[in-house]
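*Asks:* Predicted model and sequence below, questions to follow.
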Amino acid sequence: MSKIIFINRFFYPDHSATSQMLTDLVFGLVEGIDDEEIHIVTSRQQYDTPDALLEKYELINKVHVHRIWTSRFGRQNLLGRVVDYLSFYISSIFILFGLTKKNDIVVAKTDPPLISVIAAGVAKVKGAHLYNWLQDLFPEVAAELGMKFARGWPYTMLKKVRNKTLMQAKSNIVIGKAIANKLRSEGIPDDKITIIHNWADEDQIKLVSHEQNTLRYDWGLSEKFVVGYSGNLGRSHDFSTILAAAESLKNNDDIRFLLIGGGAQLESIKQECIDRKLSNIVFKPYQPRDMLSESLSVSDIHLISLKPELEGLILPCKFYGILAVGRPVIFIGAEDGEIAEVVKKESCGYSITQGDTGNLIESILKEINLLRNTEDGSKKIRKLFDDSYSKKRAITEFAEVFRR
């Protein structure tokens, strides 16, 4: 029996974005295949809990989960993170060589960066088929974020090695057309590029009305217009524009800003709120997946930000969950960015440039006056999600790629 082997640093029950995407996909794929086994090569950690020690091997929903040893320094220290990556690379070589047979499919994601190099080497030796599933582009992201190693000859060498694995692959699955265009500019031919958008789970995530949403009451937001941000508060996202708008609106007691999640910028954002005396920003941790409908529906409008220099290298997947609960968005980033284009084309929110605090405030106040979130408005946004960004659609597209 042939195998499809996915490799990613995190998997169920972890809640991180790449883990949730992978979990959704494989649990969906396994229901539709009879002649292939699905295997996962992952770590024993969880995204925000580096000292977690999950089971070394589990069979979950007919999916074989192999959790390999890694160091456990976590995400807060850059050197420790590099050591965690290196230990994952080394351990993955041994497990992949043992698992992979001729004509198996090996699917490399992008956590840790350049894991495709390991997967490509094993696939070549074993006569397996390599697929790269690209959530972002490394080392370009590292370079744009100013990391010291991503410059000069190391940057050139890393990109050359990465591109070699892209050329070896049967297909490189990317999550948007902007990333596809970046690959084309690197000389990757069209027949090795497949666009499959990320998604949210249409069966799990539904719009919850304010009247039925207990979180709005529990969090003291039942009488407020809530401007939300949900997900990773990482280095690739701009929060200066959001904080400036919150400061300008801090005397408007009808508006609250809600930040749900965690990440590299969380503590600095909290300190900014203290320094600016911003009591109109509410912080909440990541919510359990079975509470996503409620947590995403708390907000009347959602914020998405992406630094313009990262356009075409990253695509914020929080967009899909927002659409699933029928909420409009305010995108802060490049005017010609991929999400900005969808927002404009589908009239599902607003798009502003980074630093344009006035336009952000105007968009929030306009949304309050428009009361867009009527039942009809929510249904229109949800229909956009169902038509283009559902989990069922994505699983069908992945299955077709693997069949080819």
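*Replies:* Received, thanks. Bear in mind that the values here come from a model prediction, so they are computed numbers and not experimental data.
*Asks:* drop to CA atoms for contacts and neighbour counts, all remaining ones
*Replies:* OK.
*Asks:* per-residue pLDDT, the spatially closest residue to residue 355 that is not a sequence neighbour?
*Replies:* Leaving aside its sequence neighbours, residue 355 sits nearest to residue 241 (C-alpha to C-alpha, 6 or more residues apart in numbering; 5.1 Å). Listed pLDDT for residue 241 reads 97.
*Asks:* For residue 241, which three-state class applies?
*Replies:* Secondary structure assignment for residue 241 (DSSP: H, G, I helix; E, B strand; the rest coil): helix.
*Asks:* burial count for it?
*Replies:* Other residues within reach of residue 241, judged by other C-alpha atoms under 10 Å, total 19.
*Asks:* can you tell me the helix or strand for residue 233?
*Replies:* Of the helices and strands defined by DSSP states H and E, none includes residue 233.
*Asks:* hang on, isn't it packed against residue 263?
*Replies:* Yes. Residue 233 lies in contact with residue 263 (C-alpha atoms under 8 Å); the separation is 4.6 Å.
*Asks:* Would you mind telling me which of the two has more residues around it?
*Replies:* Between residue 233 and residue 263, counting by other C-alpha under 10 Å, residue 233 is the more crowded of the two (21 against 14).
*Asks:* residue contacts, the residue nearest to residue 355?
*Replies:* Contacts for residue 241 (C-alpha atoms under 8 Å, 6 or more residues apart in numbering) come out as 354, 355, 356, 357, 360.
*Asks:* cool, and residue 128?
*Replies:* Applying C-alpha under 8 Å, 6+ apart, we find residue 128 in contact with 100, 101, 102, 103, 104, 105, 106, 122.
*Asks:* try it again with 7 Å
*Replies:* 101, 102, 103, 104, 105, 106 (C-alpha atoms under 7 Å, 6 or more residues apart in numbering).
*Asks:* Top of the residues you listed by number of neighbours, please.
*Replies:* residue 106 (27 neighbours).
*Asks:* check which helix or strand covers it.
*Replies:* Of the helices and strands defined by DSSP H and E, residue 106 is found in strand 105-108.
*Asks:* Torsion angles phi and psi at the residue nearest to residue 195 when sequence neighbours are not counted?
*Replies:* Leaving out its chain neighbours, the residue that sits closest to residue 195 by C-alpha to C-alpha, 6+ apart is residue 174, at 5.0 Å. Residue 174 adopts backbone torsions of phi -110, psi 160, taken as degrees, to the nearest 10.
*Asks:* So for the longest strand that the chain contains, mean pLDDT?
*Replies:* Looking across the chain with DSSP state E, the single longest strand is strand 36-43. What strand 36-43 shows for mean pLDDT is 95.
*Asks:* can you check stretch 100-109 too?
*Replies:* Across stretch 100-109, pLDDT averages out at 97.
*Asks:* separation between residue 245 and residue 256?
*Replies:* 11 Å (C-alpha to C-alpha, to the nearest Å).
*Asks:* Please read the previous query as pertaining to residue 222.
*Replies:* Relative to residue 256, and taking C-alpha to C-alpha, residue 222 is found at 11 Å.
*Asks:* now residue 362
*Replies:* Distance from residue 362 to residue 256, by C-alpha to C-alpha: 15 Å.
*Asks:* of the two, who's got more company?
*Replies:* Neighbour tally, residue 362 and residue 256, criterion other C-alpha under 10 Å: the higher count belongs to residue 256, 22 against 12.
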